[in-house]
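> Show me how the following folds:
(2 chains)
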Amino acid sequence: AQSVAQPEDQVNVAEGNPLTVKCTYSVSGNPYLFWYVQYPNRGLQFLLKYITGDNLVKGSYGFEAEFNKSQTSFHLKKPSALVSDSALYFCAVREGSQGNLIFGKGTKLSVKP
Amino acid sequence: NAGVTQTPKFQVLKTGQSMTLQCAQDMNHEYMSWYRQDPGMGLRLIHYSVGAGITDQGEVPNGYNVSRSTTEDFPLRLLSAAPSQTSVYFCASKTVDSPLHFGNGTRLTVT
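Take a look at the predicted model:
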């Protein structure tokens, strides 16, 4: 069965510092990996995805994620955090091009000035 | 382009009442789904549909019904509301090659 783990409930970062939000996954076949962001009282917004190709994926708002097959990880990164990046971040996985998306429990990112 | 529209935004029900959460998309997406979001639980899939006339159960389907009579609409029905169904409900849609597009959610409280 597919699963996603986000080991940190909350990540605190100072503005201007790099940030990392961790995600590990488990699927039996080829993983399709996604990151979404949720701002208060809104639905989830797509940030980026990995399907195949380069292990470093670039997405919206300066975010990027690194796919590591040996560690079954897909960590979200940004070189310089902004206060406006404060939100809830979800990692998600599905096996192959079809099928349903399975979400992690979310990580709250707090960026302080 | 409205995307995915959910109504109502807020709803309070008494235990045992029934209601329908509406979801409509104008992107001609084949796939539609309902998730519920609870603190510390992330998003859990309730039901999904891969096209008009086709529905299937997700991870937590008990207490909910769905139908898909058109491509655009995918309503979620609570037959007899229970306090355990207090949650925020999200509808989402996609095509084969697109990521999921989410609505802004319906916050449901069952007393």
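
> could you list every residue that touches the residue in chain B that chain A sits nearest to?
Relative to chain A, the nearest point of chain B is B:Phe102 (3.4 Å; CB to the nearest CB). Glycine gets a C-beta too; all of them are placed from N, C-alpha and C. Going by CB atoms under 8 Å, 6 or more residues apart in numbering or on different chains, B:Phe102 touches A:36, A:43-45, B:4, B:90-92.

> Spatially central, which residue of chain A would that be?
Centroid-nearest residue in chain A: A:Trp35, 3.7 Å away (criterion: CA atoms, centre = their mean).

> ok, back up a step: let's have the contacts of B:Phe102 in JSON lines, adding pLDDT and secondary structure.
Formatted as JSON lines, these follow (pLDDT from 0 to 100; DSSP: H, G, I helix; E, B strand; the rest coil):
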{"residue": "A:Tyr36", "pLDDT": "97", "secondary structure": "strand"}
{"residue": "A:Gly43", "pLDDT": "90", "secondary structure": "coil"}
{"residue": "A:Leu44", "pLDDT": "94", "secondary structure": "strand"}
{"residue": "A:Gln45", "pLDDT": "95", "secondary structure": "strand"}
{"residue": "B:Val4", "pLDDT": "96", "secondary structure": "strand"}
{"residue": "B:Phe90", "pLDDT": "97", "secondary structure": "strand"}
{"residue": "B:Cys91", "pLDDT": "97", "secondary structure": "strand"}
{"residue": "B:Ala92", "pLDDT": "96", "secondary structure": "strand"}
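
> and of those residues, the nearest to B:Pro75?
B:Cys91 (9.2 Å; CB to CB).

> Hmm, the closest one is touching B:Trp34, no?
Yes: look at B:Cys91 against B:Trp34 with CB atoms under 8 Å: they come within range, at 5.7 Å.

> tell me, what's touching those two both at once?
What both B:Cys91 and B:Trp34 touch, as defined by CB under 8 Å, 6+ apart, is the set B:21, B:23, B:74, B:76.

> Most neighbours among the residues you listed, please name it.
The residue in those with the most neighbours, by other CB atoms under 10 Å in any protein chain shown, is B:Phe74 (29 neighbours).

> Without its sequence neighbours, what residue ends up closest to that residue?
Excluding its sequence neighbours, the residue lying closest to B:Phe74 (CB to CB, 6 or more residues apart in numbering or on different chains) is B:Met32, at 4.0 Å.

> Double-check that that neighbour belongs to a strand.
Yes: applying DSSP: H, G, I helix; E, B strand; the rest coil, one finds B:Met32 inside a strand.

> Could you confirm whether the strand or helix carrying A:Thr20 reaches chain B?
Using DSSP states H and E, A:Thr20 falls within strand A:19-21. No: applying CB under 8 Å from any CB of the partner chain, one finds strand A:19-21 separated from chain B by no less than 13.8 Å.
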